[in-house]
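Colleague: got a structure for you, letters missing:
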């Protein structure tokens, strides 16, 4: 089961916090749809949503960091690029096998949820702190 949203993940920037909540909700929805036997369709929809939403979210975060002259912007962009690369590898696997297996869905859900939690706690809180100084 997907990790639940916690207010512990709030970084104090309402636009970004709402985006993070949406990411969590999408991950939860993927898990639920797989459990309800939506299989391939659910995986395909989740991958498409996650790729689009991640690109939009990352662009928004990076613009915020640039606006506030965040000194670790370059490193943060690299983390975003690495996430997109992992997501693209999972998408390639799905397109090659064209099967919405439970294993693939679990890996997508684990990657997105774990990455989000770690990224919010370890990285996003840093630029939020910098912006509030």
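Modeller: All right, it came through fine. Nothing here was measured: the structure is a model prediction, and the numbers come from that model. Numbers count the residues shown, from 1 in each chain.
Colleague: make it CA atoms for all contacts and neighbour counts henceforth
Modeller: OK.
Colleague: Quick check: which ranges of the protein have low pLDDT?
Modeller: Along the chain, segments meeting pLDDT under 70 span 1-3, 30-31, 33-39, 98-102.
Colleague: could you redo the last one with a cut-off of 80?
Modeller: Scanning the chain for pLDDT under 80 picks out 1-4, 23, 26-46, 97-116, 133.
Colleague: Pick out the residue closest to the middle of the protein.
Modeller: Note on the chain: the residue nearest the mean C-alpha position is residue 112, at 4.8 Å, using C-alpha atoms, centre = their mean.
Colleague: buried residues in stretch 61-81?
Modeller: Neighbour-count burial for stretch 61-81, counted by 16 or more other C-alpha atoms under 10 Å, picks out 61-62, 64-65, 70, 73, 76, 80.
Colleague: what's the burial count for the nearest residue to the residue nearest to the centre of the chain once chain neighbours are set aside?
Modeller: Excluding its sequence neighbours, the residue lying closest to residue 112 (C-alpha to C-alpha, 6 or more residues apart in numbering) is residue 27, at 6.9 Å. Applying other C-alpha atoms under 10 Å, we find 25 residues neighbouring residue 27.
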